[in-house]
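A.B. asks: return atomic coordinates for the entry below.
(one chain, ligands or ions: 1)
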Amino acid sequence: MLGPSYSLRCVVFHHISDTESPFTRGMSVSITPRKFEAALRFLTRYYTPVCLQDVLTDSDGRGLSPRAVLVTFDDAYASVAEWAAPLCRQFGVPAVFFVNAAFLDNQRLAPDNLVCYVANVLGMETIRSAARAVRGAGAFELQSLSDVFTFFLPAISLAEREVFLDALRQSAGINEIRMAKETGLYLTSKQLFDLASFDFEIGNHTYTHVHCRSLSREEFGREVDRNKANLEAVSGTKVRSFSQPYGSSTDLTRDLAEHLERSGHKAVFLSESVANPRGADPFHLDRVSTRAESDDTFFFELEVLPRFRAVRNRLFHPSTDSQRAIGRRDCIEEIDREQPRA
Ligand SMILES: [Zn+2]
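C.D. replies: Presented below is the predicted three-dimensional model:
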């Protein structure tokens, strides 16, 4: 179990900040600059940081350096340009930044940050009241932010999400455009261009950060293709990787995997913190979501827990191995009746 079958390690970070604001408190997305620097020091000491091209070139994992690790960032917080990119350059660590173009230049708030702000400032009753605007009374027992992200948002359509967010803005009296500008949470176009010009990879994270399991084909165009085109126009580089918002393999449906392949994506990343076996499908690369509290906990999160999860999945969710075939045309027929793991 602790043998060499664990191939490429991938880690995902989000927001680098010394303090939590009402927009992020309770979401477990922040790591302090000091801890992030310690994490890079740990990775460069014990691992070999690689870039996306290395992963694509050696997608069967055989040509990768021993203990290869790929560092990624989701959600395009401005803090990645202010803290993460300079530290990655200092330590010589390549990285992939997955971006939602809708929030570039702080034109609006990402739904998660809006929900988080309302929950922290006005309380969960305001969230429950907005949820009732979507599905009526008693449809969801939302006690915490985690309930909203784990049960409510994945269960509603994109149109219903808009009704919910509108109800939130109304009942909280929020001028979202002004608030987004004042907060400056996300990357500007200039920062995105600079990241790309420093040879960092820019990746697709959907246009407005959506759960993909219930998207229609038309919505693939609005969320996946539009985001790719916008990011390529702003960054001046090719977008060839996709990170699943919320990281769940349940959202990586066969339709989505086929769409991603057709639209020129070469790799898809999840964040279920499961070890990637040698020869992992590039359309199903798992990442360890970490806040790297210390070297010991980081080691445990990166090296031990993912192997246990891989063994658990093999024993108790045998369909997971078949799911890894999603995106490979030659295997699609065999998995026709496979259901994504919940
Ligand atoms: Zn995300």
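
A.B. asks: which residue packs closest to residue 165, ignoring adjacent ones?
C.D. replies: residue 111 (5.9 Å; C-beta to C-beta, 6 or more residues apart in numbering). For the C-beta atoms, the positions are set from N, CA and C on the backbone; glycine is no exception.

A.B. asks: end to end, how far does stretch 243-262 reach?
C.D. replies: Terminal residues of stretch 243-262 lie 16 Å apart, using C-alpha to C-alpha, to the nearest Å.

A.B. asks: so who does residue 276 touch?
C.D. replies: Taking C-beta atoms under 8 Å, 6 or more residues apart in numbering, we find residue 276 in contact with 6-10, 61, 285-286.

A.B. asks: give me the lowest-pLDDT entry from these.
C.D. replies: Taking the contacts of residue 276 together, the minimum pLDDT is found at residue 61 (61).

A.B. asks: sorry, back to before: from residue 77, how far out is the residue nearest to residue 165?
C.D. replies: 15 Å (C-beta to C-beta, to the nearest Å).

A.B. asks: what number of residues lie near the closest residue to the ion within the stretch 151-300 of the chain?
C.D. replies: Per C-beta to the ion, residue 245 is where the stretch 151-300 of the chain lies closest to the ion, at 4.6 Å. Using other C-beta atoms under 10 Å, residue 245 has 24 neighbouring residues.

A.B. asks: is it in a helix, a strand, or coil?
C.D. replies: coil (DSSP: H, G, I helix; E, B strand; the rest coil).

A.B. asks: up against the ion, what does this structure have?
C.D. replies: Residues of the chain lying close to the ion (C-beta under 5 Å from the ion) are 74-75, 245.

A.B. asks: quick one on the thing from earlier: make a PyMOL selection of the buried ones in the contacts of residue 276.
C.D. replies: Buried residues within the contacts of residue 276, by 16 or more other C-beta atoms under 10 Å, are selected in PyMOL with:
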select buried, resi 6+7+8+9+10+61+285+286
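
A.B. asks: okay, the contacts of residue 276 in JSON lines with secondary structure next?
C.D. replies: Formatted as JSON lines, the contacts of residue 276 follow (three-state DSSP):
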{"residue": "6", "secondary structure": "strand"}
{"residue": "7", "secondary structure": "coil"}
{"residue": "8", "secondary structure": "coil"}
{"residue": "9", "secondary structure": "strand"}
{"residue": "10", "secondary structure": "strand"}
{"residue": "61", "secondary structure": "coil"}
{"residue": "285", "secondary structure": "strand"}
{"residue": "286", "secondary structure": "strand"}
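
A.B. asks: quick one: residue 28 and residue 290 touch, right?
C.D. replies: No - the pair residue 28 / residue 290 is not scored as a contact, 10.3 Å apart, by C-beta atoms under 8 Å.

A.B. asks: ok, these two, which is more surrounded?
C.D. replies: residue 290 (19 against 13).

A.B. asks: phi, psi of the more buried one?
C.D. replies: Backbone torsions of residue 290, given as degrees, to the nearest 10, read phi -140, psi 150.

A.B. asks: one more: residue 128?
C.D. replies: Dihedral pair for residue 128: phi -60, psi -40, per degrees, to the nearest 10.

A.B. asks: confidence score at it?
C.D. replies: On the pLDDT scale, residue 128 gets 93.

A.B. asks: so the nearest residue to it once chain neighbours are set aside: helix, strand or coil?
C.D. replies: Distances taken as C-beta to C-beta, 6+ apart place residue 142 nearest to residue 128, at 5.2 Å, with adjacent residues excluded. Classification of residue 142 by three-state DSSP places it in coil.

A.B. asks: wait, isn't residue 142 in contact with residue 152?
C.D. replies: Yes - using C-beta under 8 Å, residue 142 is in contact with residue 152, at 6.0 Å.

A.B. asks: which neighbours do these two have in common?
C.D. replies: Common neighbours of residue 142 and residue 152, using C-beta under 8 Å, 6+ apart, are residue 131.

A.B. asks: neighbour count for those two, which is higher?
C.D. replies: Of the pair residue 142 and residue 152, residue 152 is the one with more neighbours under other C-beta under 10 Å, namely 22 against 19.

A.B. asks: buried residues in stretch 259-279?
C.D. replies: For stretch 259-279, burial by neighbour count (16+ other C-beta under 10 Å) applies to 259-261, 263, 265-277.

A.B. asks: my bad, should have said stretch 293-301
C.D. replies: If you call a residue buried by 16+ other C-beta under 10 Å, then stretch 293-301 has these buried ones: 298, 301.

A.B. asks: ditto for stretch 84-91
C.D. replies: 84-85, 87-88, 91.

A.B. asks: same question, stretch 104-121
C.D. replies: Applying a neighbour-count criterion of 16+ other C-beta under 10 Å, one finds 104-106, 108-120 buried in stretch 104-121.

A.B. asks: same check on stretch 45-53?
C.D. replies: For stretch 45-53, a neighbour-count test (16+ other C-beta under 10 Å) marks 47, 49-52 as buried.

A.B. asks: compile the residues you listed into CSV and extend it with columns for pLDDT.
C.D. replies: CSV is the format used below for the buried residues of stretch 45-53 (pLDDT from 0 to 100):
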residue, pLDDT
47, 95
49, 97
50, 96
51, 96
52, 96
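
A.B. asks: restricted to strands, list those.
C.D. replies: residue 49 (DSSP state E).
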